[in-house]
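In: sequence first, predicted coordinates after that:
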Amino acid sequence: MMKTMKFAMVAMMALALPLAARAEAVPGSPAPAFDVKDANGKNVKLADFAGKWVVLEWTNKDCPYVKKHYNSGNMQKLQETYRGKGVAWLTVLSSAKGKQGYLDPASALKQTKEVKSNATAFLLDENGAMGKAYGAKTTPHMYVIDPKGVVVYAGAIDDNDSSDPSVIAKSKNYVAMALDAGMSTPAKPVQTATSKPYGCAVKYQ
Amino acid sequence: MKAPHVEVSLLSADRVMARGEKSWWGVAFKLDPHWHIYWKNPGDSGAAPKFTLNVDGGTAGEPQWPVPQRLPLGEMVNFGYEGEVIYPFEVMAGARDRVKVRAKLEWLVCHEECVPGFATLDLEREIKDQKISDPLLENAFAATLRRVPSSMSPGRLSGRFLSPTSYELTFEPAGAMDPSSWLVFPVDGEKFNPREPEKKIQGPRITWTFRAVAAAPDKTPYFLLANEQAAHEVTLTAADESPLALLLFFAFLGGMILNLMPCVFPVLSIKVFSLMKESGGGRAALAREGILYTSGVLVTFLVLGAVFLLLREGGEAIGWGFQLQSPVVVFFLMLLFFALALNFLGVFEWGTALMNWAGMRSTTSKGASAFGTGVLSVFVAAPCTGPFMGAALGAAATLPAVPAMSLFLALALGLAAPVLALCLLPGGLKMLPKPGAWMETLKEFFAFPLFATVLWLWWVLVQQVGAAAVISAGGGLLLLAWALWIRGQGWRKGARVLLILIAVLGPAMMLRPSAPAESGAPAAPKTWVDYDKSALAAARAENRAVFIDFTAAWCITCQWNKKAVLQTAAAEELFRRNNVLLMQGDWTRYDEKITKALAAFGRASVPLYVYYPAGGGEPRLLPQMLTMSMIEELFQPTTGGQQ
């Protein structure tokens, strides 16, 4: 009985959320549209990636948890692996001007080179509109969007909220798990569709 | 140790530990102004500190998390601490001369930006026969431990999802505490948004509405409730969240089982008896009888339910069986059963409408009689709570009016179902024996269960109003018998005068209250002490096991459990051997303290059996029908208290 109820609730949520005023990116609901300039000054829209798997990664270069995944090479490796399988990987920076981690376009380009990022694009969400539309709270906060534009995962990058990079090897990477399940043929359901994101707060205005 | 923006140290409340005893240790963080460190649920961002404790020469418990602050951060909220905080943990000293604790720590401190830190701290203490506490740390530890939550429920709680994204938690603090002083913190950060929930205060109740995710996996405990003085971590029991359908099913099942309990038996015997006579009238008459009986049960439950809800609205704390907490009601029930018994024995015949409703077949109004039996069943069922009823009644006490009433009605339907089935099913008629001369004998025999019921009600009255009830209630019976005899002599007017006399004088006698808990009360032998919250807390503080029997004289189930299990030599020996503090909460008369204590366990009925294992841990609730093996099981190492 509990199972049926849970199913009903999830179903209701899928129906109700797109209508809600404060729609956030919740698994089962369509991903909020965005139109943001990247570090090259090019406009990037969600619609550009119709038919593709998309990963959104919130970042802040000065956040210890972002450093955990970049200094260890974990993030770059994920980006490389899944871009190789046709996934669009968008790194999003929502730090406001004057706040920790803020980068202007030039320094953003420099930063991506420095850390050897393999992301498709580095989006500069200076006013935080995209971050708030998704309900991004921490860095790194991760989202996985399927080719139909539906959010299939939202939450932490993995199951270990330590800032110590040595735990990465033993951690369950939720993003990789969601992508592997969704992209397999036939597609498997995503087992963990939400988790509590960990890390530093997104430095909104 | 000094780290960026924070000073970390490992402390022990004792300079010298006592061998084999526990003492409090802790990891203390002293933060730069405006910097904060996190609670176990850090809120929208951040991370809780991690502790890995290695103890040489003893054992350590889990680190505890004192009540945090809500730290707003733009639109986000974190849970944590500013200034100074100690995360305390208990260390048990071993048999050797020293205990050494190595704490490997990882933490995150934030203020706009976040700085993680790592450290390994060591601290050693001597172990001797006598402990020496550290006077410098005494206050700091005492203050910290006051903010560490207990697992006891601080009142009546219920919660439910209003929608997939919003959760309503209703809390009524025990002991009529002001609800507005309480704060709530969600322990489960995946299910509940950390933002301060919307709150509404209604009389003794406070309702918080959280933004929440119904689809997130279940984790307990859900919440930390805290005010200036107290902190409690609460896990909602299954009953608090059971979907209504399940509760309705429980109520129905509970109602059905109620038919088998000793309370309803005398009335049921009357019913079955009248059905046998009725069976001559064919199926249609039998069906009519069954339906009328059912409506009698339903209407009575409706009325009782309405009274219950009205009293609840008025702020009264009441529970199942509350009608039997009134000596006047008990008195009249006693008279009624006495009259019925006399009638069965043939002392007098029914003739007036006054007595018709009591359930006997009469020439004037059969319908009223079937209906009346229904009414009566409900009244006498009150003293019994059977299996399944506890959860349903407990929920009815907190649910809004409509679902609460539907629970009452489900209980009613369950109670009426067996008789109704007997009347309606095609085979039902055949199941009844053929009427005959033997019925007279059986009728006379049935008088004796009724006399037994009278005796029991009499005893209840003595519990309620004191020894005076022996004479006043007995006098009532005498006058009643006399009135019936006079009536038999044909002097109806005289009988009526006497009956009025009883009706007026009886309640007046019953209303005289007596001092509570007189010496003569046989309910509590000295091995059982009266329920007392502070005594309970004291026993818990010294890690002593406690067994509480919430009972009432009018609760037959309770009396049965007492005689058959709890107050047997074997059980008392077992309790004594395990140094269990035995407490008894007597609910025979209305008692607000007991009502509140029951409510804290989500109950509104007796019996309720609560066992607190030795050495701390969650209280366990035992079933309503006890067996000796359930008591034995409490003390078996695998399932018992020694954890």
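Out: Right, received. Where do you want to start?
In: tell me which element B:R15 is part of?
Out: Element membership for B:R15, per DSSP states H and E: strand B:14-18.
In: dump the residue contacts of B:G26.
Out: B:G26 makes contact with B:10-13, B:86-89, B:141, B:144, according to Cβ atoms under 8 Å, 6 or more residues apart in numbering or on different chains. Quick note: C-beta positions are derived from backbone N, CA and C, even for glycine.
In: let me have those in a markdown table, adding secondary structure as columns.
Out: As requested, the contacts of B:G26 are exported to a markdown table (DSSP: H, G, I helix; E, B strand; the rest coil):
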| residue | secondary structure |
| --- | --- |
| B:L10 | strand |
| B:L11 | strand |
| B:S12 | strand |
| B:A13 | coil |
| B:I86 | strand |
| B:Y87 | strand |
| B:P88 | strand |
| B:F89 | strand |
| B:F141 | helix |
| B:T144 | helix |
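In: quick check, nearest of the residues you listed to B:E633?
Out: Relative to B:E633, the closest of these is B:F89; by Cβ to Cβ it sits at 30.8 Å.
In: ignoring the adjacent residues along the chain, who's closest to that closest one?
Out: Leaving aside its chain neighbours, B:F89 sits nearest to B:P63 (4.5 Å; criterion: Cβ to Cβ, 6 or more residues apart in numbering or on different chains).
In: does the one you found count as helix, strand or coil?
Out: Reduced to three states by three-state DSSP, B:P63 is coil.
In: how close does it get to B:L478?
Out: B:P63 sits 70 Å away from B:L478, taking Cβ to Cβ, to the nearest Å as the criterion.
In: and those two? which has more neighbours close in?
Out: B:P63 (20 against 12; other Cβ atoms under 10 Å in any protein chain shown).
In: what's near enough to touch that one?
Out: Residues near B:P63 by Cβ under 8 Å, 6+ apart: B:27, B:51, B:53, B:87-89.
In: one more: B:L71?
Out: Shown in contact with B:L71 (Cβ under 8 Å, 6+ apart): B:36, B:43, B:77-80, B:82.
In: break chain B down into its domains, please.
Out: B:2-146, B:155-236, B:244-511, B:529-634 (automatic domain parsing).
In: can you give me the first-to-last residue distance of stretch B:211-223?
Out: Stretch B:211-223 has an end-to-end distance of 14 Å (Cα to Cα, to the nearest Å).
In: mind checking the pLDDT average for that stretch?
Out: For stretch B:211-223, mean pLDDT is 72.
In: ok, now stretch B:123-135?
Out: In this model, stretch B:123-135 has an average pLDDT of 92.
In: can you give me how far that stretch is from the chain middle?
Out: Relative to the chain's own centre, stretch B:123-135 is displaced by 43 Å; criterion: Cα atoms, centre = their mean, to the nearest Å.
In: which parts of that stretch are buried?
Out: For stretch B:123-135, the neighbour count (16 or more other Cβ atoms under 10 Å in any protein chain shown) marks B:123, B:125, B:127, B:131, B:133-134 as buried.
In: could I get the residues you listed as CSV with distance to B:P154?
Out: As requested, these are arranged in CSV below (distance: Cβ to Cβ, whole Å):
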residue, distance to B:P154
B:L123, 34
B:R125, 34
B:I127, 36
B:K131, 31
B:S133, 29
B:D134, 31
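In: which residues touch residue 94?
Out: No chain was given, so I picked chain A. Going by Cβ under 8 Å, 6+ apart, A:S94 touches A:58, A:125-126, A:128, A:130-131, A:136, A:202-204.
In: chain B is the one I meant
Out: B:19-20, B:57-59, B:127.
In: put the buried members of the residues you listed into a ChimeraX selection.
Out: Buried residues among the contacts of B:G94 (16+ other Cβ under 10 Å), as a ChimeraX selection:
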select /B:19,57,58,127
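In: restricted to strands, list the contacts of B:G94.
Out: Among these, DSSP state E puts B:58-59, B:127 in strands.
In: any idea which of the domains of chain B scores lowest on pLDDT?
Out: When those are compared on average pLDDT, domain B:244-511 comes out lowest at a mean of 74.
In: return the distance of that one from the chain's centre.
Out: With Cα atoms, centre = their mean as the basis, the mean position of domain B:244-511 lies at 26 Å from the chain mean.
In: secondary structure element holding B:E106?
Out: Per DSSP H and E, B:E106 falls inside strand B:98-111.
In: counting contacts, what elements does that strand pack onto?
Out: The criterion is 3 or more Cβ pairs under 8 Å, 6 or more residues apart in numbering or on different chains; DSSP states H and E, and the helices and strands that strand B:98-111 contacts are strand B:6-12, strand B:22-31, strand B:36-43, strand B:50-56, strand B:58-60, strand B:84-93, strand B:113-128.
In: next helix or strand past the shortest one?
Out: The first helix or strand that comes after strand B:58-60 along the chain, using DSSP H and E, is strand B:69-73.
In: each with direction, which strands does that following strand pair with?
Out: strand B:76-82 (antiparallel) (DSSP bridges).
In: give me the residues contacting the strand it pairs with.
Out: By Cβ under 8 Å, 6+ apart, strand B:76-82 touches A:137, A:201, B:29, B:31, B:33-39, B:41-46, B:66, B:68-72, B:110, B:185, B:194-196.
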